[in-house]
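*Asks:* Could you look at this predicted model? Sequence included:
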Amino acid sequence: MAFYRQVGDVPPKRHTQFRKPDGGLYYEELMGEEGFSSDSSLLYHAGVPSAIVDSQVWDLPDLATVPNHPLTPRHLKLHDLFTDTSKSNAVEDRRLVLGNGDVRISYVVAEQPSPYYRNAIGDECVYVEKGSATVETVFGVLNAVQGDYVIIPRSTTHRWLPGPEGVHAYAIEANSHIAPPKRYLSRYGQFLEHSPYCERDLHPTTEPLVVEGTDVEVLVKHRGNGAGGIVGSRMTYATHPFDVVGWDGCLYPYTFNVSDFEPITGRVHQPPPVHQVFEGYNFVVCNFVPRKVDYHPLSVPVPYYHSNVDSDEVMFYCGGDYEARKGSGIGLGSISLHPGGYAHGPQPSAIEASLGAERFEELAVMVDTFRPLELGEGGQAVDDGVYAWTWAGRRKS
């Protein structure tokens with residue numbers, strides 16, 4: 001997304017001398033995607049950004065997954081994953097709920113500051129379900145509040161500082177980049193008129209965050225032969241990574257609040273792509289927000305039964321009252337997993353109950369994947385075990 005920004009001090013021309021007040025040189029770092037062939041930013045460091053003095057193993061939390069076999073729709077109660085959160089942080093204490101080779105979905109409730117952290121596997125899209133946090137990054141500071149998506153590009157060093165009420169975070173970690181859908185953008189990267197949000201709704205950093213320090217440890221998640229092909233390292237830097245006096249370019253972290261998404265509605269039921277907010281490789285992110293619903297005189301506002309044959313569908317219910325799932329036990333903090341190969345839709349009682357409705361006061365974040373999802377340890381721990389049988393009202397004895 002070619003939306004240029006400049007923050008702090010940068011030289012008039014790139015790749016030229018840029019000197020400190022004492023006459024020494026700042027160190028220019030190009031942070032770019034796709035091998036110098038896509039979006040990038042130039043960051044100007046007081047210290048050498050590659051100077052490390054130590055590297056040790058970081059033992060990652062359990063990232064192993066098991067297949068959803070036999071094939072079963074599932075209801076996962078994420079709020080049951082955390083009881084005592086007084087010692088947890090938003091990086092090390094994430095619990096893997098679902099994952100495949102393209103994307104991993106985790107949940108965490110945290111009250112403590114996280115270590116400095118860098119995900120070198122892919123971009124992160126972290127949805128703040130509840131609470132707030134200050135997210136310090138090498139680009140500056142983001143203030144994340146309830147309803148924010150926090151988009152953090154691959155290899156951005158950052159840390160999470162929860163607010164007074166802590167932070168409840170739903171982390172979508174890609175093995176790729178995460179961006180607005182291409183159909184929302186012009187060929188030059190500007191949001192088009194039919195897009196449900198635009199540049200004004202994106203909130204990047206506004207000033208540098210310059211921190212002094214030596215021997216600073218950064219947790220790095222990177223490619224390897226661990227579970228899911230992911231391993232971790234503890235890299236110690238000679239000088240603080242947050243020594244950037246300025247940067248410019250089109251690659252940077254930002255927040256986008258779900259309340260700024262303008263829903264697209266119609267006389268009859270609209271398909272999920274109208275709710276799309278981001279895309280990654282082999283997955284999409286949608287959000288279902290409070291909205292006016294179908295206004296044809298014979299409309300059925302809840303979704304029709306459907307077999308999305310190429311996708312697994314993951315719905316995270318994070319606000320309001322989700323009409324299509326009434327009678328299934330699903331509530332706030334729930335995930336429903338509807339795998340490919342299985343036709344799914346509303347609970348039967350919800351169809352009649354929806355007739356004549358003018359608005360739905362619901363809020364949900366949906367991830368559709370184009371490869372099957374497996375269950376992580378967190379997902380296995382909070383599977384209610386009965387959701388699959390709620391449409392029939394019984395299980396075969």
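*Replies:* Noted; the coordinates are in hand. Computed from a prediction, not measured in an experiment: that's the story for all the values here.
*Asks:* Low-confidence regions, the stretch 101-250 of the chain specifically.
*Replies:* Judged by pLDDT under 70, the stretch 101-250 of the chain has no weakly predicted residues.
*Asks:* The stretch 251-397 of the chain now?
*Replies:* Where the stretch 251-397 of the chain drops into low confidence, which here means pLDDT under 70, it does so at 323-327.
*Asks:* quick one, strands of it?
*Replies:* Using DSSP state E, counting those that start in this stretch, the strands found in the stretch 251-397 of the chain span residues 254-257, 276-280, 283-288, 291-292, 312-320, 334-338, 359-360, 362-369, 374-375.
*Asks:* Throw those strands into a markdown table and include mean neighbour count and distance to Lys221, thanks.
*Replies:* Glycine gets a C-beta too; all of them are placed from N, C-alpha and C. Output for the strands of the stretch 251-397 of the chain, formatted as a markdown table (neighbours: other CB atoms under 10 Å; distance: least, CB to CB, whole Å):
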| stretch | mean neighbour count | distance to Lys221 |
| --- | --- | --- |
| strand 254-257 | 20 | 21 |
| strand 276-280 | 22 | 16 |
| strand 283-288 | 22 | 18 |
| strand 291-292 | 14 | 36 |
| strand 312-320 | 22 | 21 |
| strand 334-338 | 23 | 23 |
| strand 359-360 | 16 | 37 |
| strand 362-369 | 22 | 19 |
| strand 374-375 | 22 | 19 |
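*Asks:* per-residue pLDDT, Val53?
*Replies:* Reported pLDDT at Val53 in the predicted model: 98.
*Asks:* got the CA positions of the helix or strand harbouring it in CSV?
*Replies:* Counting by DSSP states H and E, the element that carries Val53 is strand 52-58. As requested, C-alpha coordinates have been extracted for strand 52-58 and formatted as CSV (Å, rounded to 0.1, in the frame of the first residue of the first chain):
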residue,chain,number,x,y,z
ILE,A,52,24.8,-8.1,18.2
VAL,A,53,26.9,-9.3,21.1
ASP,A,54,25.0,-12.6,21.9
SER,A,55,22.4,-15.0,20.5
GLN,A,56,20.8,-17.8,22.5
VAL,A,57,17.9,-20.2,22.0
TRP,A,58,14.4,-18.9,22.9
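*Asks:* What residues sit buried inside the lengthiest strand in the chain?
*Replies:* In the chain, with assignment by DSSP state E, the single longest strand is strand 158-174. For strand 158-174, a neighbour-count test (16 or more other CB atoms under 10 Å) marks 158-163, 166-174 as buried.
*Asks:* any idea how far Val7 is from Gly140?
*Replies:* As for Gly140, its distance to Val7 is 6 Å (criterion: CB to CB, to the nearest Å).
*Asks:* shared neighbours of the two, anything?
*Replies:* When contacts are counted by CB atoms under 8 Å, 6 or more residues apart in numbering, the set common to Gly140 and Val7 consists of Pro204, Thr205, Thr206, Glu207, Pro208.
*Asks:* quick one: which of the residues you listed has the most company?
*Replies:* For those, neighbours were counted using other CB atoms under 10 Å, and Thr205 has the most, 23 neighbours in all.
*Asks:* Return the residues in contact with the closest residue to that one other than its chain neighbours.
*Replies:* Closest residue to Thr205 in three dimensions, ignoring its sequence neighbours and counting by CB to CB, 6 or more residues apart in numbering: Gly140, at 2.9 Å. With contacts defined as CB under 8 Å, 6+ apart, Gly140 is in contact with Val7, Gly8, Pro204, Thr205, Thr206, Glu207, Pro208, Leu209.
*Asks:* Can you tell me which of these end up in strands?
*Replies:* Secondary structure assignment (DSSP E) places Val7, Gly8, Pro204 from the contacts of Gly140 within strands.
*Asks:* hang on, the earlier thing: in TSV, list the strands of the stretch 251-397 of the chain along with distance to Asp384.
*Replies:* Supplementary listing: these in TSV, determined by distance: least, CB to CB, whole Å:
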stretch	distance to Asp384
strand 254-257	30
strand 276-280	28
strand 283-288	21
strand 291-292	28
strand 312-320	13
strand 334-338	9
strand 359-360	24
strand 362-369	17
strand 374-375	13
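*Asks:* Minimum distance to Leu76: which of those has it?
*Replies:* strand 334-338 (4.2 Å; CB to CB).
*Asks:* The strand holding Val53: how far from the chain's middle?
*Replies:* Here strand 52-58 shows a centroid-to-chain-centroid distance of 27 Å under the convention CA atoms, centre = their mean, to the nearest Å.
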